[in-house]
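Peer 1: Next one to model:
(2 chains)
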Amino acid sequence: MTTVINVPPSLDDHTFEDVLRQVVPYPADTKLLLDARHVRWASPYGLTALLTLAQARPGVLSLAVPELDETGSYWARAGFFRQAEELFELHGTYPKRAGTADSNVLLELTAVAKSEDVHDVVGRIQQKAQQILRELSLDAKASVGFAMTLSEICQNIVEHAGRGGWVMVQTYRWTKRLGRRVVVIAVGDAGVGFRQSLESAPGKERGDRWDDAAALEDAVIRGVSRFRDPGRGQGLAGVRRYLGRWDGKLSVRSGTARIAIVPSWDDDVPLAEQLPPFPGAQIQVTIPERGTEPAAARGTSR
Amino acid sequence: MMNHIDLSSVLRQTVACDLYSNLVTRPTGAAVRGQIELLLGNAHDRTLTVIDFSQVSMIDFSCADEVIAKLLLRYATENPPHEAYFLFRGVTDVHWEAIETVLERRGLALVVEQDDGVHLAGALPDAERRVWESVRRLGRAGIRDVALDLGELPSAAEQSLDALCRRRLMMKLDHEYVVVGAHRGG
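Peer 2: Numbering: from 1, shown residues only, chains lettered A, B, ... in the order given. Prediction:
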């Protein structure tokens, strides 16, 4: 018997939690059909998270693809189906070829498993540097920081996950929340999460409170790494500094918690706990266009 | 003896691909540092090595830690493999953020060569920074010269000069001191 899981019409980092809440009650070997037929829009996070979910539950997930041609076409241009074919049993019709490249997709869904993949990803995004600068009205220095950010969060997979993951970079106009263009990086894997990674540190002592949230606070806020080398842990610290300078947002989900560095234009919670368990780490970076004030009032739902 | 190491060439040899001009990832950084140490291994006695970033498009934090911080840590100790000094050339804004971050985190400093001469960068106590600047101005100076220039006690100046030599930011030539790269201008 196959159980149907409803995928929300708008799939992003928040609504993906609804998918997880439906999935979690079922044992890992339960056959599930993710019904994405009515999905109209998906963020890079939503697409990487779908792949990550399939990675976490190998061989048991089916996916009913979006019925809307426009959505299916976009998912194809984002490289989703190419990756998904290896992970899901796909139902429905979808474009087999990506067709014309989507100018908003700065980096289509790309598998990251080793150091060479990070070189490739950084090299490809640098070719889009002028577009990033134009989209966000940033200066050249900011585009280098963007590539560094991309490099560091992709390395999180290579160094800590113990298995491969995916990255995607896209630009779009975030009308409801911000009224400005944003560039979004989403990275996800279903490997070793932050808590397990930090627990593997030699001589790691667990305090009274040790859970996924505490592990995220250690790694993201305090720059703690599983390695004793004091030079470790500066990747995420550097990413935080870069995003602070460009008014960007960082959110990192691992296990049952999500931590966020929240800029003034957003009203996300800094720490969410007791989320549905999801292995590995899922990271999202959002950098807004410079220069204009947010058009939408804060608190507007997406 | 003086060496010149073009990091982009070392990078291409290391990753065996002409397409990459980015110093990214720890494994890449460790491999590049390994190549640099191999080149330095052939050197004898005192060497000055110019590490040239001119053709490097970017460097990330992890790679900067592996290439720069760990290289400096190995040679800026009481018992280095040999007496090696480093001068960093072609460092621009696109490299600086990562380099500065790792230097501060590790408590390290280095000498960069720019169009207007050599400069100190990184984490350094104010007293040592003042002494380094004094020697740079003076060109080649003894302990008393520096003490006089800064209005300090000779013992205080000597202490900072010794610390700067240990950090490989300054060379001691007979009884005088000279900043790394000073002969190259500034």
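
Peer 1: in its sheet, what does the helix or strand encompassing residue B:51 sit against?
Peer 2: According to DSSP states H and E, residue B:51 maps onto strand B:47-52. Applying DSSP bridges to the sheet, strand B:47-52 is found paired with strand B:2-6 (parallel), strand B:84-89 (parallel).

Peer 1: With respect to burial, which of those scores highest?
Peer 2: Neighbour counts (mean count of other CB atoms under 10 Å in any protein chain shown) averaged over each of those peak at strand B:84-89, with a mean of 22. Every C-beta, even on glycine, is put in place using the N, C-alpha and C of the backbone.

Peer 1: Using PDB, write down the CA coordinates of that one.
Peer 2: C-alpha atoms of strand B:84-89 as PDB (Å, rounded to 0.1, in the frame of the first residue of the first chain):
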ATOM      1  CA  ALA B  84      61.900  30.900   5.900                       C
ATOM      2  CA  TYR B  85      60.300  34.400   5.300                       C
ATOM      3  CA  PHE B  86      57.300  35.100   3.200                       C
ATOM      4  CA  LEU B  87      56.200  38.100   1.300                       C
ATOM      5  CA  PHE B  88      52.700  38.100  -0.100                       C
ATOM      6  CA  ARG B  89      52.200  39.800  -3.500                       C
END
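
Peer 1: tell me the mean pLDDT over it?
Peer 2: Taken as a whole, strand B:84-89 has a mean pLDDT of 95.

Peer 1: Run the angle between whichever helix in chain B runs longest and strand B:84-89 for me.
Peer 2: Counting by DSSP state H, the longest helix found in chain B is helix B:26-41. Here helix B:26-41 runs at an angle of 120 degrees relative to strand B:84-89 (axes from the mean of the first three to the mean of the last three CA atoms, to 10 degrees).

Peer 1: What residues of helix B:26-41 count as buried?
Peer 2: B:26, B:27, B:28, B:29, B:30, B:31, B:32, B:33, B:35, B:36, B:40 (16 or more other CB atoms under 10 Å in any protein chain shown).

Peer 1: Give the buried residues for the helix or strand of chain B with the lowest mean pLDDT.
Peer 2: The weakest-scoring helix or strand in chain B, judged by mean pLDDT, DSSP states H and E, is helix B:7-15 (a mean of 84). By 16+ other CB under 10 Å, the buried positions in helix B:7-15 come out as B:7, B:8, B:10, B:11, B:12, B:14, B:15.

Peer 1: Near chain A, list only the ones from these.
Peer 2: residue B:15 (CB under 8 Å from any CB of the partner chain).

Peer 1: Between the buried residues of helix B:7-15, which sits nearest residue A:153?
Peer 2: Residue A:153 has its nearest neighbour among these in residue B:15, at 20.5 Å by CB to CB.

Peer 1: can you pull the contacts of that closest one?
Peer 2: A:116, A:119, B:28, B:31 (CB atoms under 8 Å, 6 or more residues apart in numbering or on different chains).

Peer 1: Adding pLDDT and distance to residue A:89, write those residues out as JSON lines.
Peer 2: Output for the contacts of residue B:15, formatted as JSON lines (pLDDT from 0 to 100; distance: CB to CB, whole Å):
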{"residue": "A:116", "pLDDT": "90", "distance to residue A:89": "30"}
{"residue": "A:119", "pLDDT": "91", "distance to residue A:89": "33"}
{"residue": "B:28", "pLDDT": "92", "distance to residue A:89": "38"}
{"residue": "B:31", "pLDDT": "92", "distance to residue A:89": "41"}
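
Peer 1: Looking at the residues you listed, which one is closest to residue A:191?
Peer 2: Of those, the one sitting nearest to residue A:191 (CB to CB) turns out to be residue A:116, at 18.0 Å.

Peer 1: Name the spans of chain B whose pLDDT lies under the cut-off.
Peer 2: B:16-20, B:184-186 (pLDDT under 70).

Peer 1: Chain A contacts on chain B?
Peer 2: Near chain A, when you scan chain B using CB under 8 Å from any CB, you find B:15, B:17, B:19-20, B:22, B:24-28, B:57-58, B:60-62, B:65, B:69-70, B:93-94, B:97-98, B:101-102, B:105-106.

Peer 1: buried ones in the strand holding residue B:51?
Peer 2: Neighbour counts using 16+ other CB under 10 Å place B:47, B:48, B:49, B:50, B:51, B:52 of strand B:47-52 among the buried residues.

Peer 1: Can you tell me the closest non-neighbouring residue to residue 120?
Peer 2: In the absence of a named chain, chain A is used. residue A:110 (7.7 Å; CB to CB, 6 or more residues apart in numbering or on different chains).

Peer 1: was after chain B, sorry
Peer 2: Closest to residue B:120 by CB to CB, 6+ apart is residue B:132, at 5.5 Å.

Peer 1: Near residue A:195, how many other residues are there?
Peer 2: 22 (other CB atoms under 10 Å in any protein chain shown).

Peer 1: Tell me the secondary structure of it, please.
Peer 2: What DSSP: H, G, I helix; E, B strand; the rest coil gives for residue A:195 is helix.

Peer 1: wait, what's in contact with it?
Peer 2: For residue A:195, the contact set (CB under 8 Å, 6+ apart) comprises A:210, A:211, A:212, A:214, A:215, A:254, A:255.

Peer 1: where's it relative to residue B:39, distance?
Peer 2: Separation of residue A:195 from residue B:39 (CB to CB, to the nearest Å) stands at 42 Å.

Peer 1: Tell me if the lowest-mean-pLDDT helix or strand in chain A is near chain B.
Peer 2: Least confident element among the helices and strands of chain A, by mean pLDDT, DSSP H and E: helix A:129-136 (a mean of 78). No - judged by CB under 8 Å from any CB, helix A:129-136 makes no contact with chain B; its nearest approach is 9.8 Å.

Peer 1: Can you mark which positions in that helix are buried?
Peer 2: A:129, A:131, A:132, A:133, A:135, A:136.

Peer 1: Surely the last one and residue A:181 touch.
Peer 2: Yes - under the criterion of CB atoms under 8 Å, residue A:136 lies in contact with residue A:181, with a separation of 6.6 Å.

Peer 1: between these two, what contacts are shared?
Peer 2: What both residue A:136 and residue A:181 touch, as defined by CB under 8 Å, 6+ apart, is the set A:171, A:288, A:289.

Peer 1: Most neighbours out of these, which is it?
Peer 2: These, ranked by neighbours (other CB under 10 Å): first place residue A:288, 24 neighbours.
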